[in-house]
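**Student:** Any chance you could fold what I've pasted below:
(2 chains)
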Amino acid sequence: MKRFVNITLSIVSLLALVACHDVKQWDNDPYGNFDALWTIIDEHYCFFAYKDVDWQQVGQRYRAKLSKDMTQQELFDVCSHMLMELRDGHTNLISSTDVSRYWIWEQYPENFSLRVVTENYLNFDYKNTSGIRYQILPQNIGYMYYGSFSNAIGEGNLDAILHYLSSSDGLIIDVRSNGGGYLPHVETLVSRFISERTYAGAISHKTGPGHDDFSEPYHFYYKPAHGRIHYTKPVVVLANRASFSATNNFVSIMKSLQNVTVIGDVTGGGSGLPITNELPCGWTVRFSSCSITDPAGNITEFGTEPDIRVDITAEDAAAGRDTILETAIGLLTGSAR
Amino acid sequence: MITNHLRRNICAVLAAFAVTMAAVAQTDADTCWYRPVASVFMAGVGHTSSHDSYLSSVSYSGLNVGLAYEHLQAAGFAPRRWTRQLSLSATFHNQRNPAANHKSYCVGLGAEWNMMHRWRDVFAPGLNFFAGAGTGIDGMVEYRPSNVNNVVSVHMRWDISAVAMAVYNTRIRRTPVSLRYQVTLPVIGVLYSPQYDESYYEMYVGNRSGLAHFASWGCRFDISNAVYADFRLGSTILRLGYRNRVYSSFLQNINSRLTVHSLVIGVGGELLTLGRESVTKSSVPAIY
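**Tutor:** Numbering: from 1, shown residues only, chains lettered A, B, ... in the order given. From the prediction side, this is the model:
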């Protein structure tokens, strides 16, 4: 009997130890929600070191602004301002009434007007598939505008676009004000402009809650689209500050290709891969948790520099001209302004 | 990728399992037996709560519904002493966060095969005990529409489990009723888990290393309990019961919990395939 009791106690003790790890829980009050947000960012955000952010100090500073009887909007404002310290366009706090954001590109020159391009360069005469507007300009330069990497690009549609543009002497890919979308669509598009396996960058994720807990960078490559139509003539990519996230990724990879020139403004950056979490009150927080470097090994969180920096001039804007597009046409036709 | 260490552990466990089964498998070769199959289809509904830190820092709870099939039969090699059990299940969870503004959907499929030794009329007439081991696989995909990049969490496992069952055969009025309790406790196995904040995009671009992990009680605890009352109306079985599952794992710094309670109703029968031979046989019911 004593042996039976010992065995039973041993088993119970063993079961008590197994897979035992507390689930953190926070109260649904201003302090609980603030602490939940601070902890989520503390344990998962990937750019503390790169941006030299002292998150502990930031948390103390903003926690001092809390009070038990503050309103939801006041709490939202405190939390939003704390997240601004990360200077990250991928970081948003989402409530039922507002979305906090660090969209710094809104403060820079827009450097793009779809209306101007459509009216003065395409004459309202363009084809449109997979979210891509395309046409051959009078200078025999192909032009395609891709407004969002959230729009899926069909391989057949891309074949049709590139077949149509194949007689042009060069191609302009306009991704200005493209706020990003799905990274696999970047590969779909890039794979039409490469002829061999091409280094596309490295990705590293958090492996634990510590600020330095990162995986070894995984180097990844894009393959040319097998059996599909490719474009091998000179290419110009147009970018502005609102070219963000997946678009920043696209621009940085295209920039690394030999026959590609990037013209326009610095992109908006956003090289972190965002994930989502939530607070006890139901607010959602989105933030970067994986860092992706460009083919040159740079973290492009704050943007990718163009090869040729151009802004739309005030006089061109007034005259309905797109300085950046004109520069691209000039480069491709060999008559750069 | 499965590491050499993991591979060695799995091989050792399989070998031990095979040796154990061979050692205890004493055949009743000198006797012929009918071995009716107790086959029951079940539907369940209940409450579930879960926590998966890969998806969220808050726990979700809600409704679960499920379908299951159970097949019990005395083992061919020793029908009076061994019983085998096959279970298949499909589950669906529809959960909400505490603020009730986000939803989560979860679909799971599972299969288990168990072999149990039978001890008849233990302590009291009609009280049978069963104990043994089994193996099972299951997969579960949880989908959070409000998330980006960590929009799904995939749970897959293969386990070797300890299984025990008690069955008490009695009558309510004149109807034979079998009251049954079964517990299944996975001991070791293999679990699929991404790393802490590893994205599925990273796997998509080719980094699929380190996704399979050796699972033991040190990183995963999983127990399933079932209480059934089987009313045997002729050869038909009407089942009423309750099932629960408590799952907890801490792997790659990812904290997962799952608790499922469900009420079960089932219908089935004891089925017998008669051969053409004229040899007189005795019948060995699977568990009753």
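
**Student:** remind me which residues of the stretch 1-150 of chain B are low pLDDT?
**Tutor:** B:1-31 (pLDDT under 70).

**Student:** Those residues of it touching chain A, which are they?
**Tutor:** B:51, B:53, B:56-59, B:97-102, B:144, B:146-150 (CB under 8 Å from any CB of the partner chain). Quick note: C-beta positions are derived from backbone N, CA and C, even for glycine.

**Student:** Spatially nearest residue to residue A:209, not counting backbone neighbours?
**Tutor:** Leaving aside its chain neighbours, residue A:209 sits nearest to residue A:43 (3.7 Å; criterion: CB to CB, 6 or more residues apart in numbering or on different chains).

**Student:** Quick check: the one you found is in a helix.
**Tutor:** Yes. Under DSSP: H, G, I helix; E, B strand; the rest coil, residue A:43 falls within a helix.

**Student:** Test for you: state the pLDDT assigned to it.
**Tutor:** With respect to pLDDT, residue A:43 scores 97.

**Student:** That one reaches residue A:207, doesn't it?
**Tutor:** No. If you go by CB atoms under 8 Å, residue A:43 and residue A:207 don't touch, sitting 11.4 Å apart.

**Student:** Please identify which of these two sits among more neighbours.
**Tutor:** Using other CB atoms under 10 Å in any protein chain shown, the more surrounded residue of residue A:43 and residue A:207 is residue A:43, with 21 against 18.

**Student:** and the gap between the more buried one and residue A:271?
**Tutor:** Taking CB to CB, to the nearest Å as the criterion, residue A:43 is separated from residue A:271 by 20 Å.

**Student:** cool, residue A:188 as well?
**Tutor:** 19 Å.

**Student:** who's more crowded, these two?
**Tutor:** residue A:271 (29 against 20).

**Student:** For the more buried one, list the residues it contacts.
**Tutor:** A:248, A:249, A:252, A:291, A:292, A:293, A:294, A:299, A:300, A:301 (CB atoms under 8 Å, 6 or more residues apart in numbering or on different chains).

**Student:** For beta bridges, what are the partners of the closest residue to residue B:148 other than its chain neighbours?
**Tutor:** With CB to CB, 6+ apart as the criterion, residue B:148 has its nearest non-adjacent residue at 5.2 Å, and that residue is residue A:276. Beta-bridge pairing for residue A:276 (DSSP bridges): residue A:286.

**Student:** Can you report how many residues neighbour residue A:276?
**Tutor:** Neighbours of residue A:276 using other CB under 10 Å come to 22.

**Student:** before we move on, the earlier item: and the contacts of residue A:271, which is closest to chain B?
**Tutor:** Nearest to chain B among these, counting by CB to the nearest CB, is residue A:292 at 9.1 Å.

**Student:** what packs against whichever strand or helix holds that closest one?
**Tutor:** Using DSSP states H and E, residue A:292 falls within strand A:284-293. Applying 3 or more CB pairs under 8 Å, 6 or more residues apart in numbering or on different chains; DSSP states H and E, we find strand A:284-293 packed against helix A:30-44, strand A:92-94, strand A:198-205, strand A:272-278.

**Student:** Could you tell me the angle between the direction of the third one and that of strand A:272-278?
**Tutor:** Spelled out, it's strand A:198-205. Between the axes of strand A:198-205 and strand A:272-278, defined by axes from the mean of the first three to the mean of the last three CA atoms, to 10 degrees, the angle is 30 degrees.

**Student:** what about the nearest residue to residue B:188 once chain neighbours are set aside, distance to residue A:48?
**Tutor:** Distances taken as CB to CB, 6+ apart place residue B:216 nearest to residue B:188, at 5.1 Å, with adjacent residues excluded. Distance check for residue B:216 against residue A:48: by CB to CB, it reads 34 Å.

**Student:** Could you do residue A:71 as well?
**Tutor:** Separation of residue A:71 from residue A:48 (CB to CB): 30 Å.

**Student:** same question, residue A:60
**Tutor:** Taken as CB to CB, the span from residue A:60 to residue A:48 is 15 Å.
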